[in-house]
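J.: Here's my sequence, what's the structure:
(one chain, ligands or ions: 1)
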Amino acid sequence: MENNTIQQPVVSMPRIGEKAPEFTAVTTQGNINFPADYAGSWVILFSHPADFTPVCTSEFMTFASMEKQFNEANTKLVGLSVDGLYSHIAWLRTIKEKIEYKGMKDIEVTFPLIEDITMEVATKYGMMMPGESNTKAVRAVFVIDPQGVIRTIIYYPLSLGRNFDELYRVILALQTADEFSVATPADWRPGDDVIVPTAGSCGVAKERMESNDEDVTCHDWFFCTKKLDKETVLNRIIKK
Ligand code: BEZ
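T.: Predicted structure coming up:
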């Protein structure tokens, strides 16, 4: 029987829990060997569709103005688009010298921005989505831990600017989960109750239900939360 369906190329995409694919690249801050150069730090590797476009400009200004906050949470930022180095340099210079937006001005982007004209890195990371664009990367976000493991992946289409407060919340939540062996519920922010245990056996659950720990509340046998105050979380994670 004839097969009339159009064959799409097989594209492999990195997944949560896997090692971040390795690459070397030229960036606005020199060459990088990824993720080896970032061992010991959390990294947000993110793509944007194109230099000199409005949504991307608003995103870069916002992310750059929050860079110190991310760095204090041991998190480094690395951008990527399929533009060339000289386009990146000219765009970042324009942002610094000319653009004033929502109270942000004179914004210097000091984190590396990868040039990827061959689309090699974008393809490796599943940032190219032909249904959206053949020539531009979508707005992808990969959160990678200090061991080089992908911990969160978020995708946005071309027209939708990202929420950088949410990306900061993701960083704090992932680190809180690791540091305190807990999970974080919907809309969690530091200071909110956390979920215990992350993956419990029946025995552990029964123990929790009968626990006299004043800080633990069990809503049912499978759903227990515990107080974890904001100061304790931030003292562990934020290094000024
Ligand atoms: C933007 O950043 O404004 C943009 C980029 C590519 C397509 C649409 C919008």
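
J.: Just after the lowest-mean-pLDDT helix or strand in the chain, pick out the following helix or strand.
T.: Lowest mean confidence among the helices and strands of the chain (mean pLDDT, DSSP states H and E): helix 202-209, at a mean of 58. Later in the chain than helix 202-209, the nearest helix or strand by DSSP states H and E is strand 216-220.

J.: Return the list of strands paired to that following strand, each annotated with direction.
T.: When pairing is defined by DSSP bridges, strand 216-220 lines up against strand 223-226 (antiparallel).

J.: Bridging across strands, which residues link to the residue positioned nearest the centre of the chain?
T.: Residue closest to the average C-alpha location in the chain (CA atoms, centre = their mean): Val143, at 3.7 Å. Applying DSSP bridges to Val143 gives these bridge partners: Ile44, Thr152.

J.: That one and Ile171 touch, don't they?
T.: Yes. Contact between Val143 and Ile171 holds when scored by CB atoms under 8 Å: they sit 6.9 Å apart. In this view, the C-beta of every residue, glycine as well, is placed from N, C-alpha and C.

J.: Now the common contact residues for these two.
T.: Taking CB atoms under 8 Å, 6 or more residues apart in numbering as the contact definition, Val143 and Ile171 share the neighbouring residues 42, 44.

J.: Got phi/psi on Phe46?
T.: Backbone torsions of Phe46, given as degrees, to the nearest 10, read phi -130, psi 150.

J.: okay, it: pLDDT?
T.: Per-residue pLDDT puts Phe46 at 99.

J.: Over to Ser12?
T.: At Ser12, pLDDT is 81.

J.: Also the one 4 residues further on?
T.: What the model reports as pLDDT for Ile16 is 98.

J.: Near the ligand, which residues of this protein? Just list them.
T.: 49-50, 53-56, 136, 158-159 (CB under 6 Å from any ligand atom).

J.: which of these count as buried?
T.: 49-50, 55-56, 136, 158 (16 or more other CB atoms under 10 Å).

J.: Narrow those to those in helices?
T.: Under the assignment DSSP state H, those contribute 55-56 to helices.

J.: Output the buried ones among the residues of the chain next to the ligand in TSV; the columns should cover pLDDT.
T.: Supplementary listing: these in TSV, determined by pLDDT from 0 to 100:
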residue	pLDDT
Pro49	98
Ala50	98
Val55	98
Cys56	98
Lys136	98
Leu158	98
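
J.: on that earlier part again, ok, now which ones touch the residue nearest to the centre of the chain?
T.: Counted by CB under 8 Å, 6+ apart, Val143 has contacts 42-44, 150-153, 167, 170-171, 174.

J.: quick revisit: could you identify the most distant pair in the residues of the chain next to the ligand?
T.: Pro54 and Lys136 (13.9 Å; CB to CB).

J.: Helices of this structure, residue ranges please.
T.: Going by DSSP H, the chain shows helices at 54-65, 67-72, 85-98, 120-124, 164-180, 202-209, 230-237.

J.: tell me the mean pLDDT for the shortest one?
T.: The reference is to helix 120-124. pLDDT averaged over helix 120-124 gives 97.
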